[in-house]
Every structure is written in structure tokens, then in C-alpha cells.
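Engineer: The following block contains a protein sequence and its predicted model.
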Amino acid sequence: MRVVVVGAGIAGLSAALRLRDELGAQARITVVDQAARAGGKIFTKGYLESGAESFIVSDPAAVRLAQRVGLGDALRHPVTGQAALAIGGELVPIPKGTLMGVPADPASVADVAAPVEGTDHDGGRPLLAPGQDVAVGALVRARLGEAVLDRLVDPLLGGVYAGRGDDLSLATTMPALAAACRTSTTLTGAARAALAHRTAGGGPVFATIDGGMSRLVDAVLAAADVELRLGAPVRSLARAGSGWRVGALDADAVVLAVPARPAARLLSAVSPVAADEVGVLDYASVALVALAVRDAALPALSGFLVPASEGYAVKALTIFTTKWGHLRAPDGVAWLRASVGRYGETAALQRTDEDLAALVHAELGALLGKPLPAPEWVRVTRWGGALPQYAPGHLDRVAAARVALADLPGIALAGAAYDGVGIPACIRSGWAAADRLLGH
């Protein structure tokens, strides 16, 4: 069997490994990508991550993949998980007992963003009907008020999706809360129900790979034993008898594990309906600015988030050398990484690397309450069109695209464009795509 996987991010590589495990050594699996390296948004450069730094462990997919490729002993967890919100010139700990900022108990967030009294009333029926989806912002604002959305929910959504609650689907970005809203009559009650289903035991929330997340990419590539073609854009997709013509390659089956727009272009010739459903997805761009500073007075935090209403370009900071105990910086040196870029806000991203780094350095000093020392080095990494913006109804559109492809044997979609942005979600998406091909 000949399989072509278009896209060498973690979703495509996970699909390739699942296919190798199920089909055995005789299968010919080719992974192609227009980029110069494999890994997609996973990119370790030097000591630090220039892309995804970690993954959530409550979804076990990434842990399972790491164990499958021999990296189980390399898993590392944060030594401090305490993060803060930068509000009004202070760093305020993120309240506990919230789900992406939605409180289970209004009193727990009163010091940060007091919910409007009386709005989260019990109307005697579930907040959402079966299958209904809404914008996160509309629901939170109606039930808890603008302050909770602005100071709690939007900063957390911005940290993950670089988006705002008014634009993002509840069912896609907070599936556990959406499910609870279909049986709960208040939003705080739904948050309590969703939090109750989290894994008990108080274990670590996040994990990373000692030596860098790119080790996971390399190990999956080695285990999958694929033919890897980099710098090789695929510009066409067509049926060829009972199989496929993928660019210049013939295949019995194909996995499209690329962002929505290139996927839509490839699908347009074989399934216009699927192409239309996929092609509407929009993306946000971000820049990551890493700095090394010596003898800086830093808080004992893993990092902090900055609400958009505070007026800064910086939307998040990670203090790597505080968060991760396995990182060994020179004595007195701290490694920081700031994130810039929200959906619809591009002014800061138009700056040169030098100007952007200077802006971030100055803003971090203001946010921390004391100017930072001059950095020993700075690195700017730009991710254009990196983070999908899941509008309400996203899951229905993805389902419609997959239904449209169901009559075409040997093709499957995978990746963050469809099933979630986190590393575990992308891995599961790749596995599911492989399983769809194996089921034909």
C-alpha cells in the first residue's frame, strides 16, 4: 500500500506512525511538506522552544505518543504552575476553580473580576440545546458580565488561540463546558460540572520533553520509517483510478494534514463541498520574543497573561527558567518568552524584529514594575497564520466536510484546522485520519 501524508506537523507524523504500526514494513509511506524542516509548530531552537513549549496531560495522547517512541523517561513537568494576570499595574494570581476563566464559584474571582449579580439565574432549562453552539463571549457576557470576559476568559483564550471570546466557538474551544451547558441551567453550575469530570489526584497539568519538543518529532519520524520530502509543496490532488495523484506522486490513500486554506485548494478539484466547508476557517498570526536577562528581579511565577484592555502588545509571558526545573541557564540568567499578536490586531507584528524586541523589552519592564536589564540575547520567531479561529458552528462544518469526502475512498483530513490546536488534539486527529483510511 502506498500512502502520501501531506504535512509534516505532529498531526501528519502521528498519522504516518499509526499507519506504519498497522500496515507493517511493506507499506510505502511518504510524508511531504513545503517547509524546510518537519515538526510544524513544534520547533526547538537552542535551549528554548520557538513553538509549542508543552502539552496538557489530561488528554493522554501526547504522553502515549512519547512513550510509544521511547521518550517516556524524558517527560518533564513544571516545577511551578502558578501563573498570574497583569491587571492595573499588578500581577494577580489566576483564581483557582475556573475553567478557561469561567468560575465555578463567583466568589472565587471577585477580587479579579466580580460577576454581575443576578445574571446567571436558573431559568429551569439547560443553557444550550443538544448540538447548539454559541460564541464564548456572548454566553459569558450574558451570564457573568463584561469584566469576567475581559479579565479572565479572553486572556486565557488569547494565550491559547490568540483570539477573543466573541469570535470563538464554545463547543470547539471548551468542549467540556459546552457539554455541561447542555444539562446545566446556570453557567457557574456548568463550570462546576465540567471541573468535576477532570482527572482527580492533583497531578501535573502540563508536560514537555527534556532536550526539547523537537525530540518528539525526530523520534516519531524514526519510528514511522517514512520517506520524508521537505521543500516539496503539493499543488494538485486528483483521483487516479481507484487511487490518488498527489502532486507528482501516486498513492492508494492520502492524508491532508495542512492548514485549512491549502487543504481547501487541494480539495477544490475533488470535492468542492468539502473545500467550501474547510476554506472558511480564518487564522491569527503571532510572534514569540525570547530574551535572556541577567540579575532581573522576577516574580516566582511560571508567567502571566495580559488582558487586551490593559493596552499592551504583549499578551503573555513565560518565565522558562522558573517554570521548568530541567532547564539550566547560566547563574543569574533568566530565559523569558513573550507572545505578541491577537486576531485582528496586526500593528505590532508589522514592526521589524529589532523594533518588536525593543517594544517587548520595554513593555515587560512596565508590566513587572521595574525596567528589565538589557538582554544578553534576543530571538524573534514569527508564526504567520498559525492559530485557527474556530467560529461558532466549526464542528458542524468539519463534519460536513468529512461527510462530503466519505464517498471518496482513501482520503482523510487531520490537524489543528479541524480538531483542536493543542498537541494532544493534533495527535488524536492524526490517529483518527489513519484509522479512517484503514477502515476502507
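Structural biologist: All right, it came through fine. Residues are numbered from 1 along each chain as shown.
Engineer: Need the nearest residue in space to Ala129, chain neighbours excluded.
Structural biologist: Arg182 (7.2 Å; Cβ to Cβ, 6 or more residues apart in numbering). From N, CA and C alone the C-beta is placed, and that goes for glycine too.
Engineer: Gly124: neighbouring residues, count only.
Structural biologist: Gly124 sits with 6 neighbouring residues when counted by other Cβ atoms under 10 Å.
Engineer: in the stretch 151-300 of the chain, which spans are strands?
Structural biologist: 206-209, 227-230, 237-240, 243-246, 249-251, 253-256, 282-294 (DSSP state E, counting those that start in this stretch).
Engineer: Flag every buried residue along the longest one.
Structural biologist: Right, the one you point to is strand 282-294. Going by neighbour count (16 or more other Cβ atoms under 10 Å), the buried part of strand 282-294 is Asp282, Tyr283, Ala284, Ser285, Val286, Ala287, Leu288, Val289, Ala290, Leu291, Ala292, Val293.
Engineer: Helices of the stretch 1-150 of the chain, start to end?
Structural biologist: Under the criterion DSSP state H, counting those that start in this stretch, the stretch 1-150 of the chain contains helices at 10-23, 61-68, 136-144, 146-148.
Engineer: The first one versus helix 61-68: what angle between them?
Structural biologist: Looking back up the chat, that one is helix 10-23. For helix 10-23 against helix 61-68, the angle by axes from the mean of the first three to the mean of the last three Cα atoms, to 10 degrees is 50 degrees.
Engineer: tell me the phi and psi of the nearest residue to Asp353 once chain neighbours are set aside?
Structural biologist: Ranked by Cβ to Cβ, 6+ apart and with sequence neighbours excluded, the top spatial neighbour of Asp353 is Val380, at 4.2 Å. Per-residue torsions, Val380: phi -110, psi 130 (degrees, to the nearest 10).
Engineer: pretty sure Val246 contacts Leu237?
Structural biologist: Yes - here Val246 reaches Leu237: they are 5.9 Å apart, a contact under Cβ atoms under 8 Å.
Engineer: and among the helices of the stretch 1-150 of the chain, the most buried is which?
Structural biologist: helix 10-23 (a mean of 26; mean count of other Cβ atoms under 10 Å).
Engineer: Who are the packing partners of that one?
Structural biologist: If contacts are counted by 3 or more Cβ pairs under 8 Å, 6 or more residues apart in numbering; DSSP states H and E, helix 10-23 sits against strand 2-6, strand 28-33, helix 61-68, helix 214-224, strand 253-256, helix 423-439.
Engineer: what's the most buried one of these?
Structural biologist: Most buried of the helices and strands packed on helix 10-23 by mean neighbour count (mean count of other Cβ under 10 Å) is strand 253-256; its value is a mean of 29.
Engineer: Which residues does it contact?
Structural biologist: Contact partners of strand 253-256, identified using Cβ atoms under 8 Å, 6 or more residues apart in numbering, comprise 1-7, 12, 15-16, 237, 243-244, 246, 263, 266-267, 410-414, 430, 433-434, 437, 440.
Engineer: if I look at the residue nearest to Leu127 when sequence neighbours are not counted, how far off is Leu156?
Structural biologist: Spatial nearest neighbour of Leu127, excluding adjacent residues (Cβ to Cβ, 6+ apart): Cys181 at 4.2 Å. Relative to Leu156, Cys181 is positioned 18 Å away (criterion: Cβ to Cβ, to the nearest Å).
Engineer: of those two, who's got more company?
Structural biologist: Cys181 (27 against 23).
Engineer: can I assume the more buried one is in contact with Ala129?
Structural biologist: No - the pair formed by Cys181 and Ala129 falls short of the contact definition of Cβ under 8 Å, at 9.7 Å.
Engineer: Would you agree Gly341 is in contact with Ala162?
Structural biologist: Yes - with contact defined as Cβ under 8 Å, Gly341 counts as touching Ala162 (5.6 Å).
Engineer: For the strands of the stretch 151-300 of the chain, give me a markdown table that also has mean pLDDT and distance to Gly123.
Structural biologist: Listed next are the strands of the stretch 151-300 of the chain as a markdown table, based on pLDDT from 0 to 100; distance: least, Cβ to Cβ, whole Å:
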| stretch | mean pLDDT | distance to Gly123 |
| --- | --- | --- |
| strand 206-209 | 97 | 37 |
| strand 227-230 | 99 | 55 |
| strand 237-240 | 97 | 49 |
| strand 243-246 | 98 | 51 |
| strand 249-251 | 98 | 53 |
| strand 253-256 | 99 | 43 |
| strand 282-294 | 98 | 33 |
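Engineer: Let me know which of those is the nearest to Ala38.
Structural biologist: strand 227-230 (6.4 Å; Cβ to Cβ).
Engineer: counting contacts, what elements does that closest one pack onto?
Structural biologist: strand 28-33.
Engineer: Pull the distance from the helix or strand where Leu395 lies to the chain's centre.
Structural biologist: If you go by DSSP states H and E, Leu395 is part of helix 394-405. Distance, stretch centre to chain centre, for helix 394-405: 20 Å (Cα atoms, centre = their mean, to the nearest Å).
Engineer: Flag every buried residue along it.
Structural biologist: Per 16+ other Cβ under 10 Å, helix 394-405 contains these buried residues: His394, Leu395, Arg397, Val398, Ala400, Ala401, Arg402, Ala404, Leu405.
Engineer: ok, now stretch 191-204?
Structural biologist: Ala191, Arg192, Ala193, Ala194, Leu195.
Engineer: thought the second one was touching Ala104?
Structural biologist: Yes - under the criterion of Cβ under 8 Å, Arg192 is in contact with Ala104, at a separation of 4.1 Å.
Engineer: What residues does the closest residue in space to Leu281 that isn't next to it in sequence make contact with?
Structural biologist: Leaving aside its sequence neighbours, Leu281 sits nearest to Ala260 (Cβ to Cβ, 6+ apart; 3.8 Å). Counting by Cβ under 8 Å, 6+ apart, Ala260 touches Val278, Gly279, Val280, Leu281, Tyr283, Pro388, Ala417.
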